[in-house]
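Chemist: Provide a 3D model corresponding to the input given below.
(chains A, B, C and D)
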2 protein chains.
Amino acid sequence: MSEVSEIGEADWSVWRAFQAMRRELDRAVEQRLHADAGISGPDFEILLSLFRAADNQLRARDLGELLGWEKSRVSHQVTRMVARGLLERRECPTDLRGTWVVLLPEGRRAVLRASRGNATELRRLFFDVLTPAEKATLNELSERIVDIANPASCARADEILNGEQEQQTAS
Amino acid sequence: MSEVSEIGEADWSVWRAFQAMRRELDRAVEQRLHADAGISGPDFEILLSLFRAADNQLRARDLGELLGWEKSRVSHQVTRMVARGLLERRECPTDLRGTWVVLLPEGRRAVLRASRGNATELRRLFFDVLTPAEKATLNELSERIVDIANPASCARADEILNGEQEQQTAS
DNA sequence: CCCGTGAAGTTGACATGTCACCCACCTGGC
DNA sequence: GCCAGGTGGGTGACATGTCAACTTCACGGG
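Modeler: Numbering: from 1, shown residues only, chains lettered A, B, ... in the order given. Modelled structure (predicted):
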């Protein structure tokens, strides 16, 4: 056996199982989204973020931070979705550099069509399959890894979802 | 709170943490691979599979099954890597439809340059961060999910890695 | 007021991944 | 032998993601 590193076979086995799980999970979820609503995983992430946001709209910057995406990815994805009539771009009056991304009725219908099947699939493959203890373990372990990999990414999501629409709705 | 489904907030929180973990983990590992050896994650997966295979070569079909990739993805990726001098395609004498994918010296150097940093990064972000109990939990849970998502994908990897080179090395 | 720095977004080029389709070849039944 | 259906693999069009510029604007210090 040609050894490449000092990582044991048992550890590699865990890693391979983890990778396979991610792959199959994504595949199944994406297929379901496409079958139910004709949208992709990234489409759904954007739509759901906007659906849950105050006034169904978010600054592009906040969308990116919420999803952990780079700004150019957000821009490309939004452009494609605007072309399909799911979203709309709107100028930001308080910061002329900014852009609001707004959910359109067509986009709202797509989220609603996709959500039930998506939830079903997630329950079938994830939530119903894990014990509460396993979920707790996974949650804790995930947060630990994120802290190490990217110490800067913590604790911004809440304020984005709750506090920032005052920039335009507060008179 | 506009509820989209019957999945509880605690469960969603686990899901988000899990997603963020995957994202940051991939980002860190890919950056390291690129810095150390100028290759991408998919590049490394191919190279490592070949490096560990008998005679440093695999049938395209087996490569795909080993990695869980579609055949066209394998073909595109191999084409790009052949163009960079990392791999070579060779005809299969026993099945004229088949193709062997062979690791070239340049590819071997790339794996070796990438492996140490990759292992370091995986240990820093994964193996050293998880307790043995957590690894066991993650392993078991992953296998369970894979079984549900794709019941057909089990128990082929071993024979690919160990048994199939007789097609050409056995006289 | 004006300048330098940095933030917000967009764009184009390019790498990656998927899908539908194609072709060559193998294999089993007749 | 021959044909039907399946397998192995490649290709081109397109969707997705990343990187490096570039533009516009905000903001703080002289």
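
Chemist: contacts and neighbour counts: CA atoms only from here.
Modeler: OK.

Chemist: Which of the helices or strands spans the closest residue to residue A:142 other than its chain neighbours?
Modeler: Leaving aside its chain neighbours, residue A:142 sits nearest to residue B:21 (5.1 Å; criterion: C-alpha to C-alpha, 6 or more residues apart in numbering or on different chains). Residue B:21 belongs to helix B:9-37 when assigned by DSSP states H and E.

Chemist: Dump the C-alpha coordinates for the helix or strand encompassing residue A:111 into PDB.
Modeler: Under the criterion of DSSP H and E, residue A:111 resides in helix A:105-122. Taking C-alpha atoms only, helix A:105-122 is exported to PDB below (Å, rounded to 0.1, in the frame of the first residue of the first chain):
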ATOM      1  CA  PRO A 105     -44.600  36.700  -7.700                       C
ATOM      2  CA  GLU A 106     -43.100  34.200 -10.100                       C
ATOM      3  CA  GLY A 107     -40.300  33.600  -7.600                       C
ATOM      4  CA  ARG A 108     -42.700  33.300  -4.800                       C
ATOM      5  CA  ARG A 109     -44.700  30.600  -6.600                       C
ATOM      6  CA  ALA A 110     -41.500  28.700  -7.300                       C
ATOM      7  CA  VAL A 111     -40.500  28.700  -3.600                       C
ATOM      8  CA  LEU A 112     -43.900  27.500  -2.700                       C
ATOM      9  CA  ARG A 113     -43.900  24.700  -5.300                       C
ATOM     10  CA  ALA A 114     -40.400  23.600  -4.200                       C
ATOM     11  CA  SER A 115     -40.700  23.900  -0.500                       C
ATOM     12  CA  ARG A 116     -42.800  20.900   0.400                       C
ATOM     13  CA  GLY A 117     -40.800  18.400  -1.700                       C
ATOM     14  CA  ASN A 118     -37.600  19.900  -0.500                       C
ATOM     15  CA  ALA A 119     -38.700  19.500   3.100                       C
ATOM     16  CA  THR A 120     -39.900  16.000   2.500                       C
ATOM     17  CA  GLU A 121     -36.600  15.100   0.900                       C
ATOM     18  CA  LEU A 122     -34.600  16.600   3.700                       C
END
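
Chemist: one step back: by how many degrees do the helix holding residue B:21 and helix B:105-122 diverge?
Modeler: When axes from the mean of the first three to the mean of the last three C-alpha atoms, to 10 degrees is applied, the directions of helix B:9-37 and helix B:105-122 differ by 140 degrees.

Chemist: packing partners for helix B:9-37?
Modeler: helix A:132-149, helix B:41-52, helix B:105-122 (3 or more C-alpha pairs under 8 Å, 6 or more residues apart in numbering or on different chains; DSSP states H and E).

Chemist: Which positions in the shortest one come out as buried?
Modeler: Along helix B:41-52, the positions that meet the burial threshold by neighbour count (16 or more other C-alpha atoms under 10 Å in any protein chain shown) are B:41, B:43, B:44, B:46, B:47, B:48, B:49, B:50, B:51, B:52.

Chemist: Closest one of these to DNA strand C?
Modeler: residue B:43 (6.3 Å; C-alpha to the nearest atom of the strand).

Chemist: State the distance from that closest one to residue A:48.
Modeler: The gap separating residue B:43 from residue A:48 is 33 Å, by C-alpha to C-alpha, to the nearest Å.

Chemist: Could you do residue A:41 as well?
Modeler: Taking C-alpha to C-alpha, one finds residue A:41 at 10 Å from residue A:48.

Chemist: The residue of chain A found nearest DNA strand C: neighbour count?
Modeler: Using C-alpha to the nearest atom of the strand, the single residue of chain A nearest to DNA strand C is residue A:61, 3.1 Å away. Using other C-alpha atoms under 10 Å in any protein chain shown, residue A:61 has 17 other residues around it.

Chemist: Put the alpha carbons of the strand or helix carrying residue A:76 into CSV.
Modeler: In this assignment (DSSP H and E), residue A:76 forms part of helix A:71-83. Taking C-alpha atoms only, helix A:71-83 is exported to CSV below (Å, rounded to 0.1, in the frame of the first residue of the first chain):
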residue,chain,number,x,y,z
LYS,A,71,-20.3,38.8,-4.5
SER,A,72,-19.7,37.9,-8.1
ARG,A,73,-21.5,34.6,-7.7
VAL,A,74,-24.5,36.5,-6.2
SER,A,75,-24.5,38.9,-9.2
HIS,A,76,-24.3,36.2,-11.8
GLN,A,77,-27.0,34.1,-10.2
VAL,A,78,-29.3,37.1,-9.7
THR,A,79,-28.8,38.0,-13.3
ARG,A,80,-29.9,34.6,-14.5
MET,A,81,-32.9,34.6,-12.2
VAL,A,82,-33.9,38.0,-13.2
ALA,A,83,-33.9,36.8,-16.8
